[in-house]
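dropping the sequence and predicted coords here.
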Amino acid sequence: MQSQDVAPRPAPGSPADRVVDVEQAEAALVEHYPRLVRLAHLVLPPGLGRGRRILTAHGLVQRALPRGRAAVPVIPAQSTTRDGDPGYAYVRLRVVRAALEAGLPLSRRAWPKRAQLPPLLPQVWGLRLFPRSGGADELALQQRLAALSGPARAAYVLRGLEKLPDGDVREVLTQAGVADTDAALQEADTVAARYALLDSPEFDPCALQARPTDLMRRRRHTRAALAAAAALAVCGALVALPGDGWGPDGAAAPVYARNPAAEAALDPGRLVRISPAAWKTSARTDFSVWPARGGLTRDEALLRRALAVWARPGATVRVSATPGTPSGGPAGPPQLLFAGDVGTARVVILHDGLRIARYAEPKDGTAGAALDFARVDGATGAGAGAVVLDRADGNVRYLTAPWVTRAAERDLSKPGAGVMDLPLTDGITSPLASPATRGGACTAWNVLQLTDASGSYLLSDLGELVPARLTAGRPTGPKEATGAQALRTWAPFACSLGEVRAQGVRSVNAWAYARQSLPEAAGPGVWMCTRAETWRGNGTRVLAQFRAPGGLFGAVVARAGDVPACGPRDPHVLAGGLWKSTSGSLYLLAAGDSGVKAVRATGGVNGSARGGLLAVAVKPGVAAGLEGRLEGGRTITGLR
């Protein structure tokens, strides 16, 4: 609420000084509290910030009561009142003095004054408070007042809000400790006398709006505080216990550092090492049957550092994880997949059944160590075919599964260019160009082609530890993308893989779901849908793309996330976009898969067609939606 009270003036003939006791000052403070808080808020320095300025203004007024009886010069406030009130004059003087002290710079040689510190009371938790917004005039005045010194700002406010003449303003400022009152009044004269604005809601710290603080930051801080409190309680209990800590009859397990499973997870001698021939007799084709490879698999010092950093990464360690991948330490001894020199680094790759962890450090020390995580639960066959060893100079090098018999590189955007063999040395490929680190326009997309006893498959580096598997065909039965038709399907749309980089993608399927003869005999256009599945399950991405006749690459016309369209659960898709013919005419094109029996344009376009194809002439700037009807009568909407 907004205060409309009027500051009192002493009666004519009253003595210059009057004795004020606590009760009289408290009565004046309670009666004129909104006005006093407004006065403090206007005099306080704007650099405190809106929230602290409001709370400080309330705190200064609430601390303005005398400790006992006090004599004070009675200075008038407004000439419109009838009765004098020395209690109000005393409290006002205390408020002005404290507000001016709050604006003084902190000194290293003296203790700060109470007004210079954040207020202990009142306090507001979980909310940000600020006055109601004013107009342009109030904002301009606020900016002009912010540019004044503290004494000049106090002089302006005493003139405008308290209606004091300059002589009384000088007396108040002198009593408040201002040395040069004339300079303060002269500086206040530089601001236009728009005193009526001081009564606006913009400057009323008693009529407030509330908004929540940063909720995510508050949640993180709360969790950290609870964790710290729990750790402190455990440490305190351990210190208080006799002997080695836990009593002989204690039912709780030892602390983490003394837990056998935790100790085993950090012991390089207990790392799981799989026999090089185990995969040949196992029915499994996943990371659990990968042998330990590399020239440093017996370097206990390196392995100990890798395990220790995994459990407790230091502040200088660069840690990254794919979305949805936990980065905590292993629950037990992990499996060693690789330890060796790779380029200018020593690399250790570990597997704990859920994740792949790669530790890398420079050969000349541990400064600049890196720890990367990727989720691989459920990976089998092609999904467990390769892991990134390192990236350098725009190239990537892989460690392949032990059952891989051949590795090759090919440009996915050029299906007729063939493949280039990559030598394999103990399962490690030679470097190949990585599209994940390339900048600028996309003109090629190099992928890894691996061959094993079951056939060949393609993997693409998307900037993470595990490359994504590429397939092609209808979502209910996709095939490996190594066949001639699959390669032709992928070629115009290969660069669209850049849209799903670093998103924890497990596989990407490309489905050329429609061909459409374009208006004005422009030739056939191709519609394709790509769906990226993730390791974590959610976060899927669907792109609808269109390639015009003669176009080298396709264009993305619609995007959607976490939808079943174009996937095995709902193998249907409908998408559309605007296309301009060579004559300059504009058309709305739409296409659905073979299961779409009718298409209708909605919104600003009227048009419909039997089957899954639609072409309607439209005007520039038109906005339209799409609806499709499936054979069973179900309706689907176009991707957006």
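In hand now; what should we look at?

H32 reaches Y88, doesn't it?
Yes: contact criterion C-beta atoms under 8 Å: H32 and Y88 qualify, at 5.8 Å. To be clear about C-beta, it is placed using only N, CA and C from the backbone, and glycine gets the same treatment.

the two: who's more crowded?
Y88 (27 against 24; other C-beta atoms under 10 Å).

can you map out the helices along this structure?
Ranges of helices in the chain, per DSSP state H, are 22-31, 33-43, 50-62, 86-102, 136-146, 150-160, 166-175, 181-188, 215-240, 260-265, 278-281, 300-311, 484-490.

the fourth one - contacts with which helices or strands?
Here helix 86-102 touches strand 17-20, helix 22-31, helix 33-43, helix 50-62, strand 70-73, helix 150-160, helix 166-175, going by 3 or more C-beta pairs under 8 Å, 6 or more residues apart in numbering; DSSP states H and E.

okay if I get those as TSV plus mean neighbour count?
Compiled in TSV, the helices and strands packed on helix 86-102 are given as follows (neighbours: other C-beta atoms under 10 Å):
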stretch	mean neighbour count
strand 17-20	16
helix 22-31	17
helix 33-43	24
helix 50-62	21
strand 70-73	16
helix 150-160	25
helix 166-175	18
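
D267: which of these is closest?
For the helices and strands packed on helix 86-102, the distance to D267 is smallest for helix 50-62, at 51.5 Å, taking C-beta to C-beta.

contact partners for the residue nearest to N538 when sequence neighbours are not counted?
Sequence neighbours aside, D562 is the residue nearest to N538 in space, at 5.8 Å (criterion: C-beta to C-beta, 6 or more residues apart in numbering). D562 makes contact with 538-540 under the criterion C-beta atoms under 8 Å, 6 or more residues apart in numbering.

cool, and P291?
Counted by C-beta under 8 Å, 6+ apart, P291 has contacts 273-276, 278-279, 402.

run the last query once more with 6 Å
Listed by C-beta atoms under 6 Å, 6 or more residues apart in numbering, the contact set of P291 reads 274, 276, 402.

now do the contacts for the first one.
Just to be clear, that refers to I274. P291.

now swap in G329 and tell me
So G329 contacts 310-311 (C-beta under 6 Å, 6+ apart).

how close does it get to A369?
16 Å (C-beta to C-beta, to the nearest Å).

if we can go back for a sec, and the pLDDT for the residue nearest to N538?
pLDDT for D562: 92.

could I get the phi/psi values of it?
When quoted as degrees, to the nearest 10, the phi and psi of D562 stand at phi 50, psi 50.

how about the helices and strands packed on helix 86-102, which one is nearest L586?
helix 50-62 (50.5 Å).

could I get the closest one in PDB with only the CA atoms?
Only the C-alpha atoms of helix 50-62 are listed here, as PDB (Å, rounded to 0.1, in the frame of the first residue of the first chain):
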ATOM      1  CA  ARG A  50      17.100  -2.900  -5.600                       C
ATOM      2  CA  GLY A  51      16.500  -5.800  -3.100                       C
ATOM      3  CA  ARG A  52      19.200  -4.900  -0.600                       C
ATOM      4  CA  ARG A  53      18.200  -1.200  -0.800                       C
ATOM      5  CA  ILE A  54      14.600  -2.000   0.100                       C
ATOM      6  CA  LEU A  55      15.600  -4.200   3.100                       C
ATOM      7  CA  THR A  56      18.300  -1.700   4.200                       C
ATOM      8  CA  ALA A  57      15.700   1.100   4.200                       C
ATOM      9  CA  HIS A  58      13.400  -0.800   6.400                       C
ATOM     10  CA  GLY A  59      16.300  -1.800   8.700                       C
ATOM     11  CA  LEU A  60      17.500   1.800   9.100                       C
ATOM     12  CA  VAL A  61      14.100   3.000  10.100                       C
ATOM     13  CA  GLN A  62      13.600   0.100  12.500                       C
END
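
from the contact counts, what lies against it?
The contact analysis (3 or more C-beta pairs under 6 Å, 6 or more residues apart in numbering; DSSP states H and E) places helix 50-62 against helix 33-43, helix 86-102, strand 127-131.

now mean pLDDT and distance to G477 too, for those, in a markdown table please.
Below are the helices and strands packed on helix 50-62 laid out as a markdown table (pLDDT from 0 to 100; distance: least, C-beta to C-beta, whole Å):
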| stretch | mean pLDDT | distance to G477 |
| --- | --- | --- |
| helix 33-43 | 92 | 71 |
| helix 86-102 | 90 | 73 |
| strand 127-131 | 66 | 55 |
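
now tabulate these in JSON lines and tack on distance to L458.
Listed next are the helices and strands packed on helix 50-62 as JSON lines, based on distance: least, C-beta to C-beta, whole Å:
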{"stretch": "helix 33-43", "distance to L458": "67"}
{"stretch": "helix 86-102", "distance to L458": "68"}
{"stretch": "strand 127-131", "distance to L458": "52"}
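
just the pLDDT for the closest residue to F373 other than its chain neighbours.
With sequence-adjacent residues excluded and distances taken as C-beta to C-beta, 6+ apart, F373 is closest to A321, at 4.0 Å. Note for A321: predicted pLDDT of 91.
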